[in-house]
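Participant: I'd like to go over a predicted model; first the sequence, then the structure.
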Amino acid sequence: MTSSSSRRKSADPAAVRSAIHGVEAWLKDPEPAQEPPKAQLAAAVRLTAQALAQVAPGSSVEVRIPLFVAVQCIEGPRHTRGTPPNVMETDARTWLLIAAGLTTLDEAVKAGHVSVSGTRAREIERWLPLVRL
């Protein structure tokens, strides 16, 4: 049996920075006309989520970016079945804005772009942003 830490994909910091810089113009555009190519967007979302799981290892909070990735992070009680008690969920653009330091988790929650549940979900903010633009 493989341990959860060996199953996790690691995110090379240079690859994370490169992926974020690849979508930088889209993130900085207040009214973007269209999304970046799906593969480019997916890489940025997955790499940043994996980077969060790397810097905040654990299984007590689940970060969900539907259609792209869900990762567990932050040490604490492990969750194994059903809906986790501590969840942060958002869309790809909002996640990348947060991961790149262009908005905060608190601002995104107040704007209604992020759903948080549980007492620990907001703890991810301690490790954000992952890359500063």
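Facilitator: Good, I have the coordinates.
Participant: Helix or strand: which one has the residue most central in space within the chain?
Facilitator: Central residue of the chain (CA atoms, centre = their mean): A49, 3.8 Å from the mean position. A49 belongs to helix 38-55 when elements are defined using DSSP states H and E.
Participant: Just checking, which helix or strand succeeds that helix along the chain?
Facilitator: strand 61-65.
Participant: centre of the chain versus the next helix or strand after that following strand, how much separation?
Facilitator: Following strand 61-65 in sequence order, the next helix or strand is strand 69-73 (DSSP H and E). A distance of 8 Å separates the centroid of the chain from that of strand 69-73, by CA atoms, centre = their mean, to the nearest Å.
Participant: residues making contact with strand 69-73?
Facilitator: 45-46, 49-50, 52-53, 56-64, 79, 84, 124, 127 (CB atoms under 8 Å, 6 or more residues apart in numbering). C-beta here means a position set from N, CA and C on the backbone, and glycine is covered the same way.
Participant: Against L130, how distant is the residue nearest to the centre of the chain?
Facilitator: 9 Å (CB to CB, to the nearest Å).
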